[in-house]
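S.K.: Sequence below, structure please.
(2 chains)
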Amino acid sequence: MLANNQLLTVAVTGLNAIDSPGPGVAVIRALREGFPDKVRIIGLSYETMEPGIYLHNIVDKTYQIPYPSAGTEALLKRLEYIQEKENLQLIIPNFDAELYNFMKMAPALRSMGIASFLPTQEQFSARDKINLYQFGLKYGLSVPKDQVIYHESELYASAENLGYPLVVKGKFYDAIIAHTLEQAQKAFYKLSAKWGFPIIVQQFISGTEINIAVLGDGKGNTISSIPMRKLYITDKGKAWAGITIEDETLIDLAKKFVAATHWKGGCELEIMRTADGTPYIMEINPRFPAWIYLTAAAGQNQPAALARMALGETIEPFTEYEVGKIFIRYAWDHITDVKEFQQISGFGEL
Amino acid sequence: MHLKKNIATSESGFIFNPGTGDSYSANPIAAEIIGMLKEGTPVSSIKVHIMATYEVSASQLEKDWDDFSNQLKYANLLDN
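M.R.: From the prediction side, this is the model:
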């Protein structure tokens, strides 16, 4: 638990505030608001062009860390070095691809004095898009029908079963809507070349795109859930503007998900609400979304609540939030100097 | 005809549906009618008020009213 006036040092990843931004900068903004003047932020970066590295009013110091593919040993070694210098109390990882390593390392981090608040590997795997349909069946949640395939020849049978249009999805990212078998084949080859196998072929659901930012305490309680209707969507399908909305069915859906899985930590439910009002879960992202600061703006600061729970505090579930709060993302040309670029490139620290 | 209880309106004619995040702009007469609906004024009384205030025939009012109520229904602003 954090004593009064004690400085909290938190390491945060996902500093790439680009067109498809990582959640790191938004998480930090919420933490700074939740712990005014009491938080020191250590950025953990993968690449030298992640804007958060150079935003010194957001990130106090940044260290480069090895890519997830380097494995836990390399990451742990780097974190031991960082811990010697910074005395971290908490790590909040924000990328899907790195979560597996951080979940695996959680006990080792704990023994170094670094807390985390992450789902279990079982929870993480259950909501994977490859398992989503079975996950929905198991817990009585509305999810689109899908088929997981490994060969292009399986597309015909999938289309017979699901009908057109259908959605061809990559293992990790990307989705393409196909209206014909030829389009589906083209999407299959494109996505398998980029992300590998399997490919997910999913029933197309039309409706309104809504996302819900959710925080679970790991015991089945939903600490916070904020539904956001996308107002402006980029060509990558990301919300560039959104508004908090009031809908008990969405809050109940989030609670049902958390109660069923005992989800620990932040996550995002991607919802398609059909004309008849049915909320289909399209994907479940196992970490905070890039728009997470909206939860703080609406009165439920999810990153700050996660930090407090990670440090041992018991947090009562939030009950109210402000409806009609809008976020509008914008781009800003931050100016830095080549000396800073040289520092992070050459020494891996800034 | 009843507006959903949570619909937010302003005198300037801005309408916000907090359940969907949709917003609309109403012209002055539509804003006046929506204001009266929000206060619970019966449709018959609103029609009498419109006839007394504006130069409109009963048949034209009925036609416009049907069109207007269909727009409200389509925008998901009415209680079922």
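
S.K.: any idea what sits nearest A:V39, other than its immediate chain neighbours?
M.R.: Closest residue to A:V39 apart from its sequence neighbours, by C-beta to C-beta, 6 or more residues apart in numbering or on different chains: A:L8 at 4.8 Å. The way it works is simple: take the backbone N, C-alpha and C, and place the C-beta from them, glycine included.

S.K.: Check residue 35 and give its pLDDT.
M.R.: Picked chain A for this. Looking at A:F35, its pLDDT stands at 95.

S.K.: Sorry, I should have been clearer: chain B.
M.R.: pLDDT, B:G35: 91.

S.K.: give me the number of residues near A:R229?
M.R.: 25 (other C-beta atoms under 10 Å in any protein chain shown).

S.K.: next one: A:R29
M.R.: Residues near A:R29, counting by other C-beta under 10 Å, number 17.

S.K.: Just give me how far the helix or strand hosting it sits from the chain centre.
M.R.: Assigning secondary structure by DSSP states H and E places A:R29 in helix A:24-34. When C-alpha coordinates are averaged (C-alpha atoms, centre = their mean, to the nearest Å), helix A:24-34 and its chain have centres 14 Å apart.

S.K.: Mean confidence (pLDDT) on the helix or strand following that helix, please.
M.R.: Following helix A:24-34 in sequence order, the next helix or strand is strand A:39-45 (DSSP H and E). Computed over strand A:39-45, the mean pLDDT rounds to 97.

S.K.: Tell me the buried residues in the helix or strand that strand A:39-45 is followed by?
M.R.: Using DSSP H and E, the helix or strand that follows strand A:39-45 in sequence is strand A:61-64. By 16 or more other C-beta atoms under 10 Å in any protein chain shown, the buried positions in strand A:61-64 come out as A:61-64.

S.K.: picking that back up, contacts for the helix holding A:R29?
M.R.: Helix A:24-34 is contacted by residues A:10, A:12-17, A:39, A:41, A:43, A:51-52, A:55, A:58-59, A:92, A:94, A:288, A:290-293, A:295-296, A:301-305, A:307 when judged by C-beta atoms under 8 Å, 6 or more residues apart in numbering or on different chains.

S.K.: For the chain, which segments count as strands?
M.R.: Let's take chain A. Assigned strands in chain A, in chain order: A:8-12, A:39-45, A:61-64, A:90-92, A:146-149, A:166-169, A:175-178, A:199-203, A:208-217, A:222-233, A:239-244, A:264-273, A:279-285, A:326-328 (criterion: DSSP state E).

S.K.: hmm, I had chain B in mind actually
M.R.: So, for chain B - with DSSP E - the strands run B:8-9, B:14-17, B:22-25.

S.K.: okay, those strands, which one's buried deepest?
M.R.: Sort the strands of chain B by mean neighbour count, taking mean count of other C-beta atoms under 10 Å in any protein chain shown, and strand B:14-17 sits at the top with a mean of 18.

S.K.: Who does that one pair with, and is each partner parallel or antiparallel?
M.R.: According to DSSP bridges, strand B:14-17 forms sheet pairs with strand B:8-9 (antiparallel), strand B:22-25 (antiparallel).

S.K.: tell me which parts of chain B are close to chain A?
M.R.: Within reach of chain A by C-beta under 8 Å from any C-beta of the partner chain, chain B has these residues: B:6, B:8, B:16, B:18-21.

S.K.: which residue is nearest the middle of the chain?
M.R.: In the absence of a named chain, chain A is used. By C-alpha atoms, centre = their mean, chain A has its centre lying nearest to A:R287, at 3.2 Å.

S.K.: meant chain B actually
M.R.: Nearest to the mean C-alpha position of chain B, counting by C-alpha atoms, centre = their mean, stands B:I34 at 3.5 Å.

S.K.: got the contact list for that residue?
M.R.: B:I34 neighbours (C-beta under 8 Å, 6+ apart): B:3, B:9, B:13, B:15, B:26.

S.K.: Near A:L99, how many other residues are there?
M.R.: 20.

S.K.: The closest residue to chain B within chain A bridge partners, please.
M.R.: Residue nearest to chain B within chain A: A:R229 (3.3 Å; C-beta to the nearest C-beta). Beta-bridge partners recorded for A:R229 (DSSP bridges): A:I210, A:I243.

S.K.: wait, what's in contact with it?
M.R.: A:208-210, A:242-243, A:245, B:20-21.

S.K.: export these to CSV and tack on neighbour count, distance to A:K171 and pLDDT?
M.R.: Formatted as CSV, the contacts of A:R229 follow (neighbours: other C-beta atoms under 10 Å in any protein chain shown; distance: C-beta to C-beta, whole Å; pLDDT from 0 to 100):
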residue, neighbour count, distance to A:K171, pLDDT
A:T208, 17, 27, 90
A:E209, 17, 22, 91
A:I210, 23, 25, 95
A:G242, 25, 27, 95
A:I243, 24, 32, 96
A:I245, 22, 31, 96
B:T20, 18, 33, 91
B:G21, 23, 32, 92
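
S.K.: got these as CSV, with distance to A:G113 columns?
M.R.: Converted to CSV, these look like this (distance: C-beta to C-beta, whole Å):
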residue, distance to A:G113
A:T208, 45
A:E209, 41
A:I210, 39
A:G242, 37
A:I243, 40
A:I245, 41
B:T20, 47
B:G21, 43
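
S.K.: Going by distance to A:T180, which of these wins?
M.R.: Proximity of the contacts of A:R229 to A:T180 (C-beta to C-beta) peaks at A:E209, which lies at 24.2 Å.

S.K.: For chain B, just list every one of the helices.
M.R.: Per DSSP state H, chain B carries helices over the ranges B:28-38, B:43-53, B:58-74.

S.K.: chain center to the longest one: distance?
M.R.: The chain centre lies 9 Å from the centre of helix B:58-74; the measure is C-alpha atoms, centre = their mean.

S.K.: Could you do the second one as well?
M.R.: Helix B:43-53 sits 12 Å away from the centroid of its parent chain (C-alpha atoms, centre = their mean).

S.K.: from chain B, which residue is nearest to chain A?
M.R.: Minimum separation of chain B from chain A (C-beta to the nearest C-beta) falls at B:G21, amounting to 3.3 Å.

S.K.: A:T208 versus the nearest residue in space to that residue that is not next to it in sequence, what's the distance?
M.R.: Residue nearest to B:G21 in three dimensions, not counting chain neighbours: A:R229, with 3.3 Å by C-beta to C-beta, 6+ apart. Noted for A:R229: a distance of 7 Å to A:T208, by C-beta to C-beta, to the nearest Å.
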